[in-house]
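Enquirer: pasting the structure only:
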């Protein structure tokens, strides 16, 4: 599925959900009502968008460190011919929360969220073993809140 396959409601749904779900007993029904569709249609669309790869992840964002977990930014310098293979290997780790391609010598950046801070080195070592590439760990020194909204 590509962006060209999205209809106007799909686009409005993706844009709306980037603002979060309302905190109420039936949040999907509330968003569906805002969009003028049935709750079942909204849920079907979410499933189709996930299965089609348009949405790679759908769920809440937690502050891992406040919950006792670990969080870090990491990067790899991936040869272009190996990029797809390395992406699959990195994304196979459940600790990988986000993965981004960059125009830089370190062309793959990803965020790790682990159950404990002590699990970060082992996860990074696992990624190194799976990819055969050195992982550059860039732990947070200062926190900034940047609201990222990608209009569709």
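Expert: That came through fine. What you see is a predicted model; the values in this text were computed from it and never measured.
Enquirer: what residue lies at the spatial centre of the protein?
Expert: residue 98 (3.9 Å; Cα atoms, centre = their mean).
Enquirer: not counting sequence-adjacent ones, nearest residue to it?
Expert: Closest residue to residue 98 apart from its sequence neighbours, by Cβ to Cβ, 6 or more residues apart in numbering: residue 111 at 4.5 Å. Where you see a C-beta, it was placed from the backbone N, CA and C, and this is true even at glycine.
Enquirer: could you list the paired strands of the helix or strand hosting the one you found along with their orientation?
Expert: Following DSSP states H and E, the helix or strand that holds residue 111 is strand 108-114. Sheet pairing for strand 108-114, assigned by DSSP bridges, gives strand 70-76 (antiparallel), strand 96-101 (antiparallel).
Enquirer: and among those, the most buried is which?
Expert: strand 70-76 (a mean of 20; mean count of other Cβ atoms under 10 Å).
Enquirer: what's downstream of that one, the next helix or strand?
Expert: Where DSSP H and E defines the elements, the next helix or strand beyond strand 70-76 is helix 83-91.
Enquirer: just how off-centre is that following helix within its chain?
Expert: A distance of 15 Å separates the centroid of the chain from that of helix 83-91, by Cα atoms, centre = their mean, to the nearest Å.
Enquirer: what's that helix packed up against?
Expert: Helix 83-91 is packed against strand 96-101, strand 108-114, helix 119-131, with contacts defined by 3 or more Cβ pairs under 8 Å, 6 or more residues apart in numbering; DSSP states H and E.
Enquirer: one more time with 6 Å, if that's ok
Expert: Applying 3 or more Cβ pairs under 6 Å, 6 or more residues apart in numbering; DSSP states H and E, we find helix 83-91 packed against strand 96-101, helix 119-131.
Enquirer: which strands and helices sit next to the last one?
Expert: Using 3+ Cβ pairs under 6 Å, 6+ apart, the elements in contact with helix 119-131 are strand 70-76, helix 83-91, strand 108-114.
Enquirer: quick check: mean pLDDT of the last one?
Expert: Computed over strand 108-114, the mean pLDDT rounds to 94.
Enquirer: right, so of the helices and strands packed on helix 119-131, which gets closest to residue 147?
Expert: The closest of those to residue 147 is strand 108-114. By Cβ to Cβ, the value is 16.3 Å.
Enquirer: hey, which helix or strand in this protein has the poorest pLDDT?
Expert: In the chain, no helix or strand scores lower on mean pLDDT, DSSP states H and E than strand 96-101, which sits at a mean of 89.
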